[in-house]
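**Student:** Only the shape, not the letters, is given here:
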């Protein structure tokens, strides 16, 4: 199924994890994918996994752009580069993020700024730079927030605050630009099997505590999250906007009690 044939899709944080799985899913469904991230080698690794058999942009239909989304000038340059190459933007997936742990009594000002700059400011910069082009194409944005942006966690003050900002920014952008023809949604994963969660996966005692809260009984994979992202970006979700969709195996359905 080629739901995104002749669509130009930007995926930030495309070098690994959810971003990589999302880029592969979009490309397999016909999109020309722009891979954005800070590390050229990991972007090129993702690019090597994408199909190159489309005729829309001849045989050069994917693009890697090294960009730190927490730097506004770099984001603007990235969007201008995409427009110069492809002439339009149809979908933006704001996936790049960073987990910063610590209680407020333990966090430094630099820790706080790091969490806000990457998770919230970066999302804002990309949305702001891409919005004029999305209005032209009647496109859409998918932000990767977190269930941590819908409720609290222990020891995650900065990350929770940043992702809560992404969650509500999603709603506000949907309200502001719905009449412009732009849909804005978010997926809100819980713990997913990525490089960011390696410590959780390797610590059996910690994993056991997490899994006690999981109705589905297991952690999500990047491919699980990518499936939700591509659904929200597709015409199948034409009447869905302003939604923060938990993709968490049912963990947000719980009131906090473990299974007895």
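**Tutor:** Everything's here; your move. In this text the structure is predicted, and so the values were computed from the model without any measurement.

**Student:** And the residue nearest the centre of this structure?
**Tutor:** A centroid search over the chain (C-alpha atoms, centre = their mean) returns residue 95, at 2.3 Å, as the residue closest to the centre.

**Student:** who's in contact with it?
**Tutor:** If you count contacts by C-beta atoms under 8 Å, 6 or more residues apart in numbering, residue 95 has them with 11, 12, 13, 14, 18, 19, 22, 144. Just so you know, the C-beta spots here come from the backbone N, C-alpha and C atoms, and that holds for glycine as well.

**Student:** how about 6 Å then?
**Tutor:** Taking C-beta atoms under 6 Å, 6 or more residues apart in numbering as the criterion, residue 95 is in contact with 12, 13, 18, 19, 144.

**Student:** just residue 227 next, same as before
**Tutor:** With C-beta under 6 Å, 6+ apart, residue 227 has no contacts at all.

**Student:** that older thread, for the contacts of residue 95, please prepare JSON lines with the additional fields neighbour count, distance to residue 109 and secondary structure.
**Tutor:** Shown next, in JSON lines, are these (neighbours: other C-beta atoms under 10 Å; distance: C-beta to C-beta, whole Å; DSSP: H, G, I helix; E, B strand; the rest coil):
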{"residue": "12", "neighbour count": "27", "distance to residue 109": "25", "secondary structure": "strand"}
{"residue": "13", "neighbour count": "27", "distance to residue 109": "24", "secondary structure": "coil"}
{"residue": "18", "neighbour count": "30", "distance to residue 109": "29", "secondary structure": "helix"}
{"residue": "19", "neighbour count": "30", "distance to residue 109": "28", "secondary structure": "helix"}
{"residue": "144", "neighbour count": "29", "distance to residue 109": "26", "secondary structure": "strand"}
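
**Student:** what two of the residues you listed are the furthest from one another?
**Tutor:** For the contacts of residue 95, the maximum inter-member distance is 10.5 Å, found between 12 and 18 (C-beta to C-beta).
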